[in-house]
Every structure is written in structure tokens, then in C-alpha cells.
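Q: Make a model of this:
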Amino acid sequence: MDAVLLSESIVAEYNSIINGITECVLVDEQIIDFMMEGFNEYKKGKMSAKDAARMVQQKVNLFLNE
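A: Presented below is the predicted three-dimensional model:
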């Protein structure tokens, strides 16, 4: 994994997201992979947070329905 310096606004946004988490239970490794994929797309600036979350949700739904 490459280290990338983040702007203060991105750090503040990440901290806001992290501080808002009250519970997170992950059981399946595949779902974790979906989440990391979405996070990485957001981090690279390729997707907004909402689009990344939507992509993760769609992949999880498909995975759970298979």
C-alpha cells in the first residue's frame, strides 16, 4: 500500500466519519473487501463518499443474494 499525504479537509472529513461510528460488525471477508474497494475509490478521488457507499451496498446486496 502506498502512503499518501491527505489535505486537512480530507483528514477532518475522515475524522468526522470515524467519530460518527457507533458500531461496526464485520463477519465476512468478502464484505470487508467490498468496503475497502469503496474506500480506496473514494480516497483516490474517483468516487464521492455517497457513490462509494452505493457501490459497496450494491455489491453486498448482490453477494448476499447469490
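
Q: show me where this structure has helices.
A: 8-20, 29-43, 49-65 (DSSP state H).

Q: just the ones you listed: most buried one?
A: Stretch with highest mean neighbour count among the helices of the chain: helix 29-43 (a mean of 15; mean count of other CB atoms under 10 Å). Any C-beta I mention is one placed from the backbone N, CA and C, and that applies to glycine too.

Q: Where does pLDDT dip in this protein?
A: Applying pLDDT under 70 to the chain flags residues 1, 26.

Q: redo that, cut-off 80
A: Within the chain, the stretches with pLDDT under 80 are 1-2, 24-27.

Q: which non-adjacent residue is nearest the residue positioned nearest the centre of the chain?
A: Most central in the chain under CA atoms, centre = their mean is residue 39, positioned 3.1 Å from the mean C-alpha point. Using CB to CB, 6 or more residues apart in numbering and skipping the chain neighbours, the partner closest in space to residue 39 is residue 52 (6.8 Å).

Q: Am I right that the one you found is in contact with residue 42?
A: Yes. The criterion here is CB atoms under 8 Å, and residue 52 meets it with residue 42 at 4.1 Å.

Q: can you pull the contacts of the residue lying closest to residue 13 once chain neighbours are set aside?
A: For residue 13, ignoring the flanking residues on the chain, the nearest one in space by CB to CB, 6+ apart is residue 49 at 7.9 Å. Contacts for residue 49 (CB atoms under 8 Å, 6 or more residues apart in numbering) come out as 13, 17, 42.

Q: and the gap between the spatially closest residue to residue 35 that is not a sequence neighbour and residue 27?
A: Spatial nearest neighbour of residue 35, chain neighbours left out: residue 56 (5.7 Å); criterion: CB to CB, 6+ apart. Distance, residue 56 to residue 27, by CB to CB, to the nearest Å: 15 Å.

Q: Repeat that for residue 65.
A: 17 Å.

Q: again with residue 3
A: Relative to residue 27, and taking CB to CB, residue 3 is found at 29 Å.

Q: Next: residue 55.
A: From residue 55 to residue 27 the distance is 20 Å (CB to CB).

Q: now do residue 42
A: 23 Å.
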